[in-house]
Structures are given as structure tokens and as C-alpha cells.
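Chemist: Provided below for reference: sequence and predicted model.
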Amino acid sequence: MRALEDDLFPSTPGKVKIERAGGAMNRQLHRCFASTSTMFLWALFLVAMTASYLSFQSFVDTSSKYFAASWGGLHWERQIRASAAPRRPPGSAAGAGMSVLVTGASGFVGAHCSLALRKRGDGVVGIDNFNAYYDPSLKKARKALLSSHGVFVVEGDINDGRLLAKLFDVVPFTHVLHLAAQAGVRYAMENPASYVHSNVAGLVTLLEACKNADPQPAIVWASSSSVYGLNDKVPFSESHRTDQPASLYAATKKAGEEITHSYNHIYGLSITGLRFFTVYGPWGRPDMAYFSFTRNILQGKPITVYRGKNHVDLARDFTYIDDIVKGCLGSLDTAGRSTGTGGKKRGPAPYRIFNLGNTSPVTVPTLVSILEKHLRVKAKKHVVEMPGNGDVPFTHANISLARQQLGYKPTTNLDAGLKKFVKWYLSYYGYTRGSKNL
Ligand SMILES: O=C(O)[C@H]1O[C@H](OP(=O)(O)OP(=O)(O)OC[C@H]2O[C@@H](n3ccc(=O)[nH]c3=O)[C@H](O)[C@@H]2O)[C@H](O)[C@@H](O)[C@@H]1O
């Protein structure tokens, strides 16, 4: 008995039997059918070749990723363990110390927090993907600074679930300070996918690793003042509306607040979200206005100052980095435990959101005049109407909740903070105008 496949796929091309063969019509049909079968077989052959080529390529990709991985191995694990070990003196009033995984450790806020944690005796391991959103050499310099203080930074992406699982295998982290993100309000119009990749997909991969870890760490992470979006009640309080984002960046940060809430609810992860208000200072981000203005002013290039509707100046609640670091450490210290194990919730865990701002907004033209004073150079200002680029006209934080629960109390005003920034900038990039490329 012939199998069905034999009918559909004859083994010898051109040998298809046609019932009642004999007439010219039938011969033609025969030839035609035979050549169709030949073509069909060739097509099958090509499909098979393509499939085997593709699977070979994916094997090569996977294995090259595996072999080129910058992590793993006994030496690597020893470095991770040493970096994660708390070094507080025995009997210290602050307790035994934490082991903190800091994501985005070679970023601006990440590097400052990692150093502060290490200096007070906590264990810190960093992870950073050193992407090229801004000059990676600045990130490498921050990494070198951390390394000189005994903080090890793994080069890797928070979207790499295998790496995260490995890190939790090697160290039972008590806390995660999650600062890795695609930052910047206006860049979201140029590269929207990078925001989804880091702020949504990366966040979920990290939360999955935290939820599976045993013990589960408490998580403190960076949200943003931009979640207030079109809210016009001032000062911004945590209870105000945050469902009107003005940029995709803000929308992904808001999404992060909802996503972390669901992990808190389902898996008992302790979550603290921090809404940072325009953080600035030494070792800052070159994409931010105070930084790029400084570079342009020193290089004699014009700066673009945006202005709001009806000629109203834009204003920001600029917050100095040291104040933000205190808010982050205060959040870690008061986080409360995650309750789950092995992906199962054992009871309710804290879910908190705090504003970390300075409570005194300053206009952008005032920011420029403070920089002019410290740099002793006049800026070439080019004032333009604010383009529809996701910017909001002003931000202003109400910090009562953080003050009450974290002991958060900002102490550096914009003038004093920019003076420290300019000092750092000149020492890092050199005193001669534009001596180093950013
Ligand atoms: O608080 C926040 O959540 C956000 O703060 C900053 O965002 P932004 O306040 O826009 O900070 P800058 O990019 O430094 O801009 C500050 C002000 O300068 C203005 N600006 C910016 C650039 C420019 O060329 N000219 C100019 O007038 C902006 O419109 C804004 O009013 C950060 O870049 C975000 O990553 C962060 O999340």
C-alpha cells in the first residue's frame, strides 16, 4: 500500500503515473506535472539548505556569544564575592551591612551611590552595559574610580537574564539599587526603541531575576519627576496625577511604576521608586543642559535656551547629586524585606514612591547666569520657543513624604552645586578651552 507521502512527494521526479495515460493531452499533462514536481523538489531542497544555514548561523552566534562573554569563571566569581562582601566593623551601630547589586553603576547616579555605599562599609557589585548614548570613556573613568575603591563592575546588560541569574547564584544580594535606564527626555523622539529596551524590557528581566532569587532582595529604583507630565498642581506630590506623560521617556518610567507594583503584589518584592528631579553635579551626564551648556560656553559656541509659551522661562527643581545619594541610601536603609521565596509570595511587602527634589525651582536663564559666573565666560545665548519635544514647562517637588520616612533633607542650592560641578569639569577636561572631546 502506498503511503500518502508517496503520492504527494514522488521519490523519482518525472515518474508520476497518470491514470488512463495515452493521449497527447495526457502526455502534456504528464510532462507539465513532472516538471512541476522537479521544481517542487528543488524548492524543497533550497528550503532545507536555507534552514540548515540559518540554524548553523544561530549556533555560531550563540556559541560566539558564549565564548566571548566577559563574565563567568572562578576568578570572576571570586571578584564578585569580594566586591559584594560588607566590610562594616563588627558591632557597628548600622548593623552587619548590606550586599547591594547596583545596576547602571558606571552611570552618573550609580557611580556616586556605589562609592557612598562602599565608603560606609556595604558590599557593592555593579553592572553596566557601557552603551554609547553618551561618551563611554566617561563611564569607563567612573568604573576605574569605583575599581580603585574595591567596587567591581560587570560589563553586561540587564536584559541578559542568564547573567543576572548567575550573579544571584554567586551572591545572596540583600538589596538591588536599579539605576540602569535609557535617560533623557528629548532623545526619546530619536530612538524610542532604546527606552522600551532598557526601561521596560530590561526592568522586567531584572524583576524576574529578583523574584526568582532566594533570598529575594529589596529593590530601590529610579523613576523620574517626568511622570508628573502635564500635571500643573504645584509643588508635585506623590498623590498627584501621573497619567498624562508628555514624553515616551516619562511614559516608560510611569510604566515602570506600574510594573514594579505588579511584582510587589504577586511575588512580595519590596519596592521603592524614587522620582528624581533633574539631578546634576560632578561626574554628571554630558547630555544634560547644565553639562552641555558648560562645554559650549567654554568652547565659545552658542547655547540654545528654550522658552515656554507667552515668553515664560522654563524652570527645573535642579537637585544636587549628594542630596540624591542620601535619598537613595536612606531608601535602601528603610526598604523593608521582600517576603517571597522561589517565586512565591509569603506575605505583603512594602511598595513606596518618593519624590527626591530640591523644593526650589530655578529658571533655565538663571542656570545659565550662574554658570557664566563660575566659568567667568559670557554665554552666547540663542533663545527659542520650546519645541514640542516632550519637555514640560516646570518641575517642583514636594518632599514631605521623603523627609518624614527617609530623613531626606537636601542641603545644596544650585549656586553651590554648580560651583562644585565647574570645579570638577575643569579638572577632568582640563583648563584650556575644549581641550578634550566629549
Ligand atoms: O527630572 C527628571 O526626571 C529628568 O531630568 C532631566 O531632564 P530635564 O529636566 O529635561 O533636564 P535637562 O535635559 O538638563 O534640561 C533642563 C532644562 O533645560 C532646558 N534645555 C535643555 C537643553 C537645551 O539645549 N536647552 C534648554 O533650554 C530644558 O528644556 C529643561 O527645561 C534628565 O535628563 C532626565 O533623565 C530626568 O529623568
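Modeler: All right, it came through fine. Numbering: from 1, shown residues only.

Chemist: other residues contacting the helix or strand encompassing G330?
Modeler: For G330, the host element (DSSP states H and E) is helix 321-333. Under the contact criterion C-beta atoms under 8 Å, 6 or more residues apart in numbering, helix 321-333 has outside partners 98, 100, 108-109, 112-113, 116-117, 120, 175, 177, 218, 220, 272, 274, 276, 279-284, 352, 354, 356, 358, 402, 406-412, 417. Every residue, glycine included, has its C-beta placed from N, CA and C.

Chemist: OK, contacts around the residue positioned nearest the centre of the chain?
Modeler: For the chain, the residue nearest the mean C-alpha position is A181 (1.6 Å; C-alpha atoms, centre = their mean). Residues in contact with A181 (C-beta under 8 Å, 6+ apart) are G104, S198, N199, G202, A222, K253.

Chemist: closest one to Y428 out of those residues, please.
Modeler: For the contacts of A181, the residue nearest Y428 by C-beta to C-beta is G104; the value is 19.9 Å.

Chemist: my read is that the closest one contacts D128, right?
Modeler: Yes. The criterion here is C-beta atoms under 8 Å, and G104 meets it with D128 at 5.9 Å.

Chemist: still on that earlier bit, chain center to the helix holding G330: distance?
Modeler: Computed by C-alpha atoms, centre = their mean, to the nearest Å, the chain-centroid distance of helix 321-333 equals 18 Å.

Chemist: from the contacts of A181, which are also near the ligand?
Modeler: When C-beta under 6 Å from any ligand atom is applied, no member of these is adjacent to the ligand.

Chemist: so which of those residues are in strands?
Modeler: Secondary structure defined by DSSP state E assigns A222 of the contacts of A181 to strands.

Chemist: now the helices for the protein?
Modeler: For the chain, applying DSSP state H gives helices covering 4-8, 24-68, 74-84, 108-119, 136-148, 161-170, 192-195, 203-212, 248-267, 289-298, 321-333, 364-375, 400-406, 414-429.

Chemist: export these as a markdown table, with columns for mean pLDDT.
Modeler: Converted to a markdown table, the helices of the chain look like this (pLDDT from 0 to 100):
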| stretch | mean pLDDT |
| --- | --- |
| helix 4-8 | 34 |
| helix 24-68 | 50 |
| helix 74-84 | 98 |
| helix 108-119 | 98 |
| helix 136-148 | 98 |
| helix 161-170 | 98 |
| helix 192-195 | 98 |
| helix 203-212 | 98 |
| helix 248-267 | 98 |
| helix 289-298 | 98 |
| helix 321-333 | 98 |
| helix 364-375 | 98 |
| helix 400-406 | 98 |
| helix 414-429 | 98 |
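
Chemist: tell me which parts of this protein are close to the ligand?
Modeler: Near the ligand, when you scan the chain using C-beta under 6 Å from any ligand atom, you find 183-185, 224-226, 276-278, 288-289, 304-306, 314, 316, 364, 391.

Chemist: what subset of these is buried?
Modeler: Buried by 16 or more other C-beta atoms under 10 Å: 183-185, 224-226, 276-278, 288-289, 305-306, 314, 316, 364, 391, out of these.

Chemist: re the thing from before, flag every buried residue along the helix holding G330.
Modeler: Those would be I321, D322, D323, I324, V325, K326, G327, C328, L329, G330, S331, L332, for helix 321-333 by 16+ other C-beta under 10 Å.

Chemist: quick one: mean pLDDT for stretch 353-363?
Modeler: Averaging pLDDT along stretch 353-363 gives 98.

Chemist: quick one on the thing from earlier: can you tell me which of the contacts of A181 is nearest K166?
Modeler: G202 (16.5 Å).

Chemist: show me the contacts for the closest one.
Modeler: Neighbours of G202 in contact, by C-beta under 8 Å, 6+ apart: D157, I158, N159, A180, A181.

Chemist: and which of the residues you listed is nearest the ligand?
Modeler: Using C-beta to the nearest ligand atom, the shortest approach to the ligand within the contacts of G202 belongs to A181, at 7.9 Å.

Chemist: what about the closest one, distance to T319?
Modeler: Taking C-beta to C-beta, to the nearest Å as the measure, A181 falls 17 Å from T319.

Chemist: what does Y187 give?
Modeler: 20 Å.

Chemist: so these two - more neighbours on which side?
Modeler: T319 (29 against 20; other C-beta atoms under 10 Å).

Chemist: the more buried one touches P410, doesn't it?
Modeler: Yes. Here T319 reaches P410: they are 6.4 Å apart, a contact under C-beta under 8 Å.

Chemist: so for these two, which residues contact both of them?
Modeler: With C-beta under 8 Å, 6+ apart as the test, T319 and P410 both reach G357, N358.

Chemist: from the stretch 1-150 of the chain, which residue is nearest to the ligand?
Modeler: F108 (9.5 Å).

Chemist: wait, what's in contact with that residue?
Modeler: Contacts for F108 (C-beta under 8 Å, 6+ apart) come out as R142, V279, G281, W283, G284, R285, I321.

Chemist: give the contact list for the closest residue to L314 other than its chain neighbours.
Modeler: Once flanking residues are discounted, L314 sits nearest to V364: 4.9 Å by C-beta to C-beta, 6 or more residues apart in numbering. By C-beta under 8 Å, 6+ apart, V364 lies in contact with A289, V305, Y306, D313, L314, A315, R316.

Chemist: also L269?
Modeler: Applying C-beta under 8 Å, 6+ apart, the residues near L269 are L207, C210, K211, Q216, A218, I219, T260, Y263, S338, G340, A349.

Chemist: if you set the cut-off to 10 Å instead, what comes out?
Modeler: By C-beta atoms under 10 Å, 6 or more residues apart in numbering, L269 lies in contact with 176, 207, 210-211, 213, 216-219, 260-263, 337-340, 345, 349-351.

Chemist: for ChimeraX, what selects the buried ones among these?
Modeler: In ChimeraX syntax, the buried subset of the contacts of L269 is picked out as below (16+ other C-beta under 10 Å):
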select :176,207,210,211,213,216,217,218,219,260,263,337,338,339,340,345,349,350,351
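
Chemist: picking up where we left off before, for H149, state which of the buried residues of helix 321-333 is nearest.
Modeler: V325 (14.3 Å).
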